[in-house]
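Novice: Pasted the sequence and its predicted model underneath.
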Amino acid sequence: MNAVLTIARSAVTEHIRRKLVLFFGGIALLAGIGLIYVSLNEDLTATLVGAAVGLATVLSVTLLQGMATLAAVAVSMNNIGRPFSDGEAMLILSRPVARWQYALGRLMASMALVVGLCFLLAALLQGVNLIEDRDLGLELWGHWGTQAFNLILLVAITTLMSALINNPVLAAFVAFFIYTASNAVSTLYLFVTTGRVGGVGGAIITTLWYLTPKRLISPLALEQMQQGGNLAGTSSMLLIESSGARIAWAAAYLAVMIGLTFVVVRRKEL
Amino acid sequence: MTAAVEVEHLVKHYARSQRGLNGIDLTVGEGEVFALLGPNGAGKTTFVKCLLALLQPDSGSIKMFGENVSSPGARRGVGFVPETPRFPDFLSGREVLKMHGRLIGVPAKELDPMIDERLIAADLDDAPKRVKAYSKGMVRRLAMAQALMGDPRLILLDEPTADLDPIGRRDVRNQIAGLKERGATVILNSHLLSEVERLCDHAAIVHKGKMVAQGPMDELVPEGRDLESVFVDLIEKAGS
């Protein structure tokens, strides 16, 4: 475990000094200032998002969620490909360090940063909540906890892609596509389960459904969707609660992504 | 004498290249300073990478101090200086050494004094804060310093004097002599045959992935000849 933590610590230092943490932290801070200004002005809040919905709710499920998604990709796109292709991993792996320990250390660093960002954003929106005198409380924290899990999944997918594809931009693009495609595939899968699509097309969609990640949906997001809140980027087709089976599926998918990363990194030559 | 490295019929081919290793058998005794020689593309670096499990051999067996190298534990007590060392450029030299010290399990209270000692020995105690500001020679000296963390039993040096000025080269020679004195095993890849002849007690010459000659230096180089002329003769003969 010592080796894993040492590698994770070094990777966190990398992200801090490459100013990635500063960049996303800075955006969160600027967003915070803007949000406090808007939330203090009731008329402006009502005009922008509608008083019934509330600023914290809307931002939780749209803008800040998008930013957190970008941050997750940014902190994991260089996890494996770059250090292997430029030889940086060589000296570390010449030590008594197993390949899986190296990969796990890099993964843990990215996951810790993403969870930290989600916590920061939740705290920020909790502050907005308090100013707006709304009562989202645990629901808001539950939402960001769910987002943290989803983003950990995205980190795992991006890390696997960075192990498979040496070009970090391409790896990030592919990972982002797989992650976001899950919504579209879920929508298509509903056509299969309701019998509107069958045959070869149905088989392909079913296969894709099994291959794409199952993101969790928080009670807050679900509630907003059920109320028909016009939240950008959401679809009524996504009204699938985070049931136990879905949570188990998502966790298993995460475990498979991490396991596949270990296998690819083990076979990767330096 | 115990074997520090035992290699049996090592074969490694690359998918898109003629280069590789074609059945290398080699034993390096503990405490030997061993030179691995060969022209460019002979397979020397491939050999060293296979020793460290950075490359997976197609067949054959490699043991270090009796342990199969596929186990990370076999690399305990091994230091490595690659031909082109790369460090995380956002770390300082001190942080690089601290990371390597932790990876090899140096106790926390011994780490800082050990790092100070290594930085002074490598003349890097006044170096710029981040590795990205280091010159090639400084990176090379840092690579040597990290390889020597924890007083390894076996040190693999791949062209350790490349990019170094004459003073840097002399320092590396002195370090290798110091390692020999304390009984460490050194495997050295170098094109500087005069240095090799002076430092090493055993040598192996590889060409196109095959072993051409190996043995104690005084048997490989007959009286009245030098290593360079022997090397050129052997390579020309093997190439024809």
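Specialist: That came through fine.

Novice: so B:Val5 sits in a helix?
Specialist: No - going by DSSP: H, G, I helix; E, B strand; the rest coil, the assignment for B:Val5 is strand, not a helix.

Novice: B:Leu154 is in contact with that one, correct?
Specialist: Yes - the criterion here is C-beta atoms under 8 Å, and B:Val5 meets it with B:Leu154 at 7.2 Å. C-beta: built from backbone N, CA, C; applies to glycine.

Novice: Can you pull the residues that touch both of these two?
Specialist: Contact with both B:Val5 and B:Leu154 is made by residues B:Met64, B:Thr185, B:Ile187, according to C-beta atoms under 8 Å, 6 or more residues apart in numbering or on different chains.

Novice: Now the second one. Nearest residue, chain neighbours left out?
Specialist: Think B:Thr185. B:Ala4 (4.0 Å; C-beta to C-beta, 6 or more residues apart in numbering or on different chains).

Novice: How much space separates that neighbour from chain A?
Specialist: According to C-beta to the nearest C-beta, to the nearest Å, B:Ala4 and chain A sit 16 Å apart.

Novice: Let me know whether that residue touches B:Ala184 as I believe.
Specialist: No - the pair B:Ala4 / B:Ala184 is not scored as a contact, 9.1 Å apart, by C-beta under 8 Å.

Novice: any shared contact partners between these two?
Specialist: B:Gly31, B:Arg153, B:Leu154.

Novice: Leaving aside the residues adjacent along the chain, what's closest to the first one?
Specialist: I take that to be B:Gly31. B:Gly183 (4.8 Å).

Novice: cool, A:Asn167 as well?
Specialist: A:Gly81 (7.1 Å).

Novice: What residues does the closest residue to chain B within the stretch 151-270 of chain A make contact with?
Specialist: Nearest to chain B, among the residues of the stretch 151-270 of chain A, is A:Leu270, at 4.1 Å (C-beta to the nearest C-beta). For A:Leu270, the contact set (C-beta under 8 Å, 6+ apart) comprises A:Phe84, A:Gly87, A:Ala89, A:Met90, A:Leu93, B:Lys49, B:Leu54, B:Leu55.

Novice: how close does the residue nearest to A:Asn167 get to chain B?
Specialist: 14 Å.

Novice: contacting residues for that residue?
Specialist: Here A:Gly81 is in contact with A:Ser162, A:Ala163, A:Ile165, A:Asn166, A:Asn167, A:Pro168, A:Ala171 (C-beta under 8 Å, 6+ apart).

Novice: What is the burial count for the fifth one?
Specialist: It stands for A:Asn167. 15 (other C-beta atoms under 10 Å in any protein chain shown).

Novice: how close does it sit to A:Met77?
Specialist: 9 Å (C-beta to C-beta, to the nearest Å).

Novice: ok, now the third one?
Specialist: Going from A:Ile165 to A:Met77 by C-beta to C-beta gives 10 Å.

Novice: what's the answer for the second one, then?
Specialist: As judged by C-beta to C-beta, A:Ala163 and A:Met77 stand 11 Å apart.

Novice: what do you get for the fourth one?
Specialist: As for A:Asn166, its distance to A:Met77 is 11 Å (criterion: C-beta to C-beta).

Novice: Per-residue pLDDT of B:Ala133, please?
Specialist: Per-residue pLDDT puts B:Ala133 at 90.

Novice: How are the helices of the stretch 151-270 of chain A distributed by residue range?
Specialist: Counting by DSSP state H, counting those that start in this stretch, the stretch 151-270 of chain A has helices at residues A:168-193, A:199-211, A:219-226, A:244-267.
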